[in-house]
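Participant: Sequence plus predicted model, see below.
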Amino acid sequence: MKIILTSIIAIFLLAGCVSKEIKPYEIYTVYDNSTIKQPLHVKAVLKVAKIKSTDQMNSDRIWYKKSSIKIDSYYYSKWNSSFTQMLEQNLVNNISKSNLFEGVYAKYSKVRTDLVLESELVEAVHDIGSNSVIFGIRLYLVKDKNLVSEHEFSYKEKCDSLDAKGAVKAYEKIIEKLNKDVVLWIKKSVIEN
């Protein structure tokens, strides 16, 4: 009995010495601190609706594409929250900072709104072949359930490195461009209508 017990303890000790240390996740957040100042101020309230997208983009995974049919996610890297939630929050923050509207609210708000910004994520992936992040989103400005304006924004940003960290830096550049373009597009749409 002593020999069996000693053998079991020795196996556990050896297994502990041989086991590999698990690498922790690298967690990323995309945000844009820039501000677009413009003179127009509309006496209206805007609500940013939930972004429509695939289940894949509603996750916290950072996706990459090896070929037109092979898409996978980085194993030890992920977003702080789902990519679409981060994107929604960036839109709310930047449209609000632009001072274009009386108020800008997120999807959960019960405040009465004059305009709604609806969106559909077309693509957001790190393309390994070109080492670029490819991003596309279709936006719809809606008033009283009627379409005021729509526009599709597409970007391709080269990555500094062929990994998740390089992809995240490219996403940050894209989000900064997107935020500026969206504010200018909404401003133009409001003026024309």
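Facilitator: Received, thanks.

Participant: Which helix or strand contains Met86?
Facilitator: Per DSSP states H and E: Met86 is located in helix 83-97.

Participant: which helices and strands does the next helix or strand after that helix pack with?
Facilitator: With elements assigned by DSSP H and E, the helix or strand that comes after helix 83-97 is strand 101-105. Here strand 101-105 touches strand 42-52, helix 83-97, going by 3 or more Cβ pairs under 8 Å, 6 or more residues apart in numbering; DSSP states H and E. For the C-beta atoms, the positions are set from N, CA and C on the backbone; glycine is no exception.

Participant: Could you list the buried residues of the shortest one?
Facilitator: Neighbour counts using 16 or more other Cβ atoms under 10 Å place 42, 45-48, 51 of strand 42-52 among the buried residues.

Participant: and the angle from it to strand 101-105?
Facilitator: 20 degrees (axes from the mean of the first three to the mean of the last three Cα atoms, to 10 degrees).

Participant: how about the helices and strands packed on strand 101-105 in JSON lines, adding mean pLDDT and distance to Ser73?
Facilitator: Shown next, in JSON lines, are the helices and strands packed on strand 101-105 (pLDDT from 0 to 100; distance: least, Cβ to Cβ, whole Å):
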{"stretch": "strand 42-52", "mean pLDDT": "91", "distance to Ser73": "19"}
{"stretch": "helix 83-97", "mean pLDDT": "92", "distance to Ser73": "11"}
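
Participant: which stretches of the protein have low pLDDT?
Facilitator: 1-23, 31, 37-39 (pLDDT under 70).

Participant: I appreciate the help and will end here.
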